[in-house]
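A.B. asks: here is a sequence together with a model predicted from it:
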Amino acid sequence: MTFPPVGAHSPTGPGSMDQVLRSLLNHATQGFNLPDYWEAKGMGYDAWLEWQLDYEAIDDSAVDSALAYYPTLTMNNPTLYTTYVNDAATVVYELQDANLRRSIYSRKQLYERMVEFWTDHFSISQLDDYCLWFKTRDEARVIRKNALGSFPEMLRNSPKSAAMLWYLDNWNNQAGAVQENYARELLELHTLGVDGPYTQQDVVEVARCFTGWTFTGLYDSQPIGVFSFKGNYHDYGQKTVLGNVINGSGVSEGEQVIDILATHPKTAEFISTKMARWLLGDEPPQDLIDRLVHIYLSTQGSIKPMVREILSMEVLGKAKPEVRTKFKRPYHVITSIMRAARVSSSNLLALTSELQRLGHVPYWHPTPDGYPDTVEKWGRGLLPRLQFLSRLFGGYSGGGISGNTVDTLGLGDLMDTAPPGSNYAQQIDWVLTGGDSDPAHVAEVQAYKDAHPNKPNAVLRESFVFLASSPSYQLYS
């Protein structure tokens, strides 16, 4: 890595252009780090954002090369199941490893943030029987293919995913024995929201439209896990969904339902609000929501212009700190510190174990509402975060995390790039946040260092643990 010259810094305080740029990085990446900051600083706010939005043009060959060793990531469902029917652990491990590797090391950081968002929006528990094998394909073809593309397209692909068909029981949705699970979550979680303008009768009618939607290998001898419409299981009677009459015609009935929902103003509002909370803050201003709804409806649900609006200088750059402050979910804590401290890992599976302790393993949420994005959910479990950080840095409790190495000399090199005149704790804060921590928290770390002058290596690691455990790091703005 090429470091900028010591002293080559513009103002870094509240309201400075540098601080606004760091805010963009906090919200648009899986964790602030200095290399990304220097790169973004060289490009400028708008240019960096556009570069990240055009993610398909970003060279991510280093991560791609590492993932090439995982054959399950590109297999279709029948091949995956046939090959690994007795080794589901390998399938689970490779998807988990790929997810962490991309989040920590990918240059397509904004794209990975949106992949995480949509994975929770269309949540499927990887641990639910056939989903052990089918979730990998769902992640590739439903989520990753459309994460910065088209919401309606993602919505159209989801009910044809074998993982979703199995998880929400639509594989067994038949005329005369209607299964409502998928229909209910489609309305409540995927489109209109819990307070959407639908009734229990709408749920039933939607379920009837999706009768016969299943996948191969359950009712026939074909290879397992390919979408299939079984006409003899379909209810061909007339239906009415949200006031729209749908005549019996087969598979196109479900597709008509998707089109009705994808273009509904309430869907636009629900998606806009949820996305603004994810990328900006827990209480986004109503005028922003209104603009996002307009963008959604006028672009037929295009995701990229909505993200551009939320992260624009006009919105994020000018938002007050109390509006744009977010509490990190456990996954974000792990990816943030791995990126900021430039931790090298030869054992990402060990981080999955850490995520288990923190209650936030991707793809393992047991219910279809996905992991929450609220401080109410995550704000009470702070001790396990401290314990994780301590293990990672080999701090006062020792132990370390197998295969994950903090390079003490590398941390020192990064600290040396802090603005001239920075004390020891300010240099650590520079590495972790670019200098944005509460001065009181930084002062406490400096006092700890001053009180222990005779164990420099231990103090360095412990000081990183202490500042990373502070509210200044667990929150970002």
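C.D. replies: Perfect, I can see it now. Numbers count the residues shown, from 1 in each chain.

A.B. asks: now do the strands in the chain.
C.D. replies: Ranges of strands within the chain are 213-215, 227-229, 239-241, 244-246, 326-327, 344-345, 404-405, 475-476, based on DSSP state E.

A.B. asks: kindly reformat the ones you listed as JSON lines containing mean pLDDT and distance to Asp416.
C.D. replies: From N, CA and C alone the C-beta is placed, and that goes for glycine too. Shown next, in JSON lines, are these (pLDDT from 0 to 100; distance: least, Cβ to Cβ, whole Å):
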{"stretch": "strand 213-215", "mean pLDDT": "98", "distance to Asp416": "57"}
{"stretch": "strand 227-229", "mean pLDDT": "97", "distance to Asp416": "56"}
{"stretch": "strand 239-241", "mean pLDDT": "98", "distance to Asp416": "63"}
{"stretch": "strand 244-246", "mean pLDDT": "98", "distance to Asp416": "64"}
{"stretch": "strand 326-327", "mean pLDDT": "96", "distance to Asp416": "30"}
{"stretch": "strand 344-345", "mean pLDDT": "90", "distance to Asp416": "19"}
{"stretch": "strand 404-405", "mean pLDDT": "90", "distance to Asp416": "20"}
{"stretch": "strand 475-476", "mean pLDDT": "95", "distance to Asp416": "24"}
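
A.B. asks: most tightly surrounded among the ones you listed?
C.D. replies: Comparing those by mean neighbour count (mean count of other Cβ atoms under 10 Å), strand 213-215 ranks first with a mean of 24.

A.B. asks: residues contacting that one, please?
C.D. replies: 77, 159-160, 162, 165-166, 170-173, 224-230, 233, 251, 254 (Cβ atoms under 8 Å, 6 or more residues apart in numbering).

A.B. asks: now do stretch 228-243
C.D. replies: 173-176, 178, 197-198, 202, 205-206, 208-209, 211-216, 219-220, 222, 245-251, 253, 257, 260, 264.

A.B. asks: distance between the ends of it?
C.D. replies: Length of stretch 228-243, first residue to last, Cα to Cα, to the nearest Å: 28 Å.

A.B. asks: do the same with stretch 178-186
C.D. replies: 15 Å.

A.B. asks: surely Gly394 meets Leu460?
C.D. replies: No: look at Gly394 against Leu460 with Cβ atoms under 8 Å: they stay out of range, at 10.7 Å.

A.B. asks: can you lay out the strands of the chain as JSON lines showing distance to Leu316?
C.D. replies: Shown next, in JSON lines, are these (distance: least, Cβ to Cβ, whole Å):
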{"stretch": "strand 213-215", "distance to Leu316": "40"}
{"stretch": "strand 227-229", "distance to Leu316": "39"}
{"stretch": "strand 239-241", "distance to Leu316": "37"}
{"stretch": "strand 244-246", "distance to Leu316": "38"}
{"stretch": "strand 326-327", "distance to Leu316": "11"}
{"stretch": "strand 344-345", "distance to Leu316": "30"}
{"stretch": "strand 404-405", "distance to Leu316": "32"}
{"stretch": "strand 475-476", "distance to Leu316": "12"}
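
A.B. asks: out of those strands, flag the one nearest Leu192.
C.D. replies: strand 239-241 (11.3 Å; Cβ to Cβ).

A.B. asks: each with direction, which strands does the closest one pair with?
C.D. replies: The strands beside strand 239-241 in its sheet (DSSP bridges) come out as strand 244-246 (antiparallel).

A.B. asks: what's near enough to touch Leu189?
C.D. replies: Taking Cβ under 8 Å, 6+ apart as the test, what Leu189 contacts is His121, Ser123, Pro368, Asp369, Gly370.

A.B. asks: the second one: how many residues sit nearby?
C.D. replies: Residue neighbour count, defined by other Cβ atoms under 10 Å, stands at 21 for Ser123.

A.B. asks: next one: the last one
C.D. replies: Neighbouring residues of Gly370 were enumerated by other Cβ under 10 Å; the total is 17.

A.B. asks: cool, and Arg461?
C.D. replies: 22.

A.B. asks: what about the strands of the chain, which gets the closest to Phe464?
C.D. replies: Closest among those, using Cβ to Cβ: strand 404-405, at 13.8 Å.

A.B. asks: would you pull up how far the closest one lies from the middle of the chain?
C.D. replies: 23 Å (Cα atoms, centre = their mean, to the nearest Å).

A.B. asks: again with stretch 39-59
C.D. replies: Distance, centroid of stretch 39-59 to centroid of chain: 19 Å (Cα atoms, centre = their mean).

A.B. asks: please put the alpha-carbon coordinates of the longest helix anywhere in the chain into PDB.
C.D. replies: Ranked by residue count under DSSP state H, the longest helix found in the chain is helix 88-105. The C-alpha coordinates for helix 88-105 follow below in PDB (Å, rounded to 0.1, in the frame of the first residue of the first chain):
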ATOM      1  CA  ALA A  88     -24.300 -29.800   3.100                       C
ATOM      2  CA  ALA A  89     -21.700 -28.400   5.500                       C
ATOM      3  CA  THR A  90     -19.400 -27.500   2.500                       C
ATOM      4  CA  VAL A  91     -22.200 -25.700   0.800                       C
ATOM      5  CA  VAL A  92     -23.000 -23.700   3.900                       C
ATOM      6  CA  TYR A  93     -19.400 -22.900   4.600                       C
ATOM      7  CA  GLU A  94     -18.600 -21.700   1.100                       C
ATOM      8  CA  LEU A  95     -21.600 -19.300   1.000                       C
ATOM      9  CA  GLN A  96     -20.700 -18.000   4.400                       C
ATOM     10  CA  ASP A  97     -17.100 -17.600   3.500                       C
ATOM     11  CA  ALA A  98     -17.900 -15.900   0.200                       C
ATOM     12  CA  ASN A  99     -20.200 -13.400   2.000                       C
ATOM     13  CA  LEU A 100     -17.600 -12.400   4.500                       C
ATOM     14  CA  ARG A 101     -14.800 -12.300   2.000                       C
ATOM     15  CA  ARG A 102     -16.800 -10.000  -0.300                       C
ATOM     16  CA  SER A 103     -17.900  -7.800   2.600                       C
ATOM     17  CA  ILE A 104     -14.400  -7.300   4.000                       C
ATOM     18  CA  TYR A 105     -12.200  -7.300   0.900                       C
END
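
A.B. asks: need the contact partners of it.
C.D. replies: So helix 88-105 is contacted by 30, 62-63, 66-67, 70-73, 80, 84, 108, 112, 115-116, 126, 132-133, 135-136, 139, 331, 335, 338-339, 345, 348-349, 351-352, 361-363 (Cβ under 8 Å, 6+ apart).

A.B. asks: what are the contacting residues of stretch 35-50?
C.D. replies: Residues external to stretch 35-50 that are found in contact with it (Cβ under 8 Å, 6+ apart): 1, 4, 17-18, 20-22, 24-25, 28-29, 51, 109-110, 308, 311-313, 317, 339, 434.

A.B. asks: can you flag the buried ones in those?
C.D. replies: Among those, the ones that count as buried by 16 or more other Cβ atoms under 10 Å are 18, 20-22, 24-25, 28-29, 51, 109-110, 308, 311, 317, 339, 434.

A.B. asks: out of those residues, which are inside helices?
C.D. replies: Going by DSSP H, the helices hold Asp18, Val20, Leu21, Arg22, Leu24, Leu25, Ala28, Trp51, Gln109, Leu110, Arg308, Arg339 from these.
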